[in-house]
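Enquirer: Sequence and predicted structure below; questions after.
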Amino acid sequence: MAYRLFEGKEQASSYWKYRISPSDHLIQQVLDFLKKQNGGPYELAVDVGCGSGQGTVLLAKHFASVVGTDISPAQVEVAQQHSKEPNVTYRQCVAEELPFADSSVDLMTAMSAFHWFDRPRFLREAHRVLKPRGCLALLNYTIDMELSYSDCCSQTLNQVCKEFYEALKPYYSPHLGGKSIELYREAYNSSPYPDKEWQECVWVKRPMPLFRFIGLVESFSSFQRLLREDPQKAAKLSQDICQRLMSVMQVTSEDTEVVVAVKYFYLLACKPQEA
């Protein structure tokens, strides 16, 4: 079954403010794989589980049309509010029942969403709508992000971060079975497509204010579960972690910029010509 999370208006707003999108380099790796399998031109890309659309818009300049889909009306509404690209549109639908014709999609992506889908049904649906030589790209990143700050001991800084992540472990979704990367690796190993690629460690560094890093972790499903169960405990945890990080950095403002290193992994697969 699919798991329905991140659907409320407050959560959608948080996604827009704090969630990160893949880097240009990562998107280019996806496009290079697509080009290797199918030289184009490319008509349609579909970003499934698009959330508030930060990743969807990165595809705009490479396709005649891009459609982001999400199960949440609130997420789709936020994405539409911030949409500026004329060839990008959004639709509300479930990932396992997509409103696209058979063999009509050049590239289908799911950025930090595949693990919440009914995976077998979604993969069958992806196979249905992809064109022959069309490609599927499933990307995600791990929670164990690392911080760095000038003139500061990274080991001490990241020990505080590790304690943040450890405090959230009891609130991880049992659906993920511990680590979501295993679900992606399983999908790669079981894919019948002969042309496929697996990469499980791509570090991307992003500068951002400290408060945004805290907001990013707060947007994760584990923190959101803690927030629902014990709002005071959740608020105290994030406040304490933020204060401890500022103490290590010897700064007094949450606006202080840090560099956040995010570890991505991805699966790329190409539908055969004769499927």
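Expert: Here it is on my side, so go on.
Enquirer: which residues are contacting the host helix or strand of Tyr90?
Expert: Element membership of Tyr90, judged by DSSP states H and E, is strand 88-92. Outside strand 88-92, the residues that touch it by CB atoms under 8 Å, 6 or more residues apart in numbering are 50, 53, 56-57, 59-60, 65-73, 76, 79-80, 83, 99. All C-beta spots, glycine's among them, are computed from the backbone N, C-alpha and C.
Enquirer: I'd like to know which of these are buried.
Expert: Taking 16 or more other CB atoms under 10 Å as the criterion, what is buried in the contacts of strand 88-92 is 50, 53, 56-57, 59-60, 65-72, 76, 79, 83.
Enquirer: I'd like the distance from His159 to Val204, if you could.
Expert: If you look again at residue 159, you'll see it is Gln, not His. Separation of Gln159 from Val204 (CB to CB, to the nearest Å) stands at 22 Å.
Enquirer: Compare these two (neighbour count), which wins?
Expert: Neighbour totals were compared for Gln159 and Val204, and Val204 leads with 17 against 13 (other CB atoms under 10 Å).
Enquirer: pLDDT value on the closest residue to the more buried one other than its chain neighbours, please?
Expert: Leaving out its chain neighbours, the residue that sits closest to Val204 by CB to CB, 6 or more residues apart in numbering is Ser23, at 4.6 Å. Looking at Ser23, its pLDDT stands at 92.
Enquirer: and Thr69, what are its phi and psi?
Expert: phi -120, psi 150 (degrees, to the nearest 10).
Enquirer: How about the one 3 residues further on?
Expert: Listed backbone geometry of Ser72 is phi -90, psi 120, with angles given as degrees, to the nearest 10.
Enquirer: still on that earlier bit, what is the burial count for the residue nearest to Val204?
Expert: Ser23: 17 neighbours (other CB under 10 Å).
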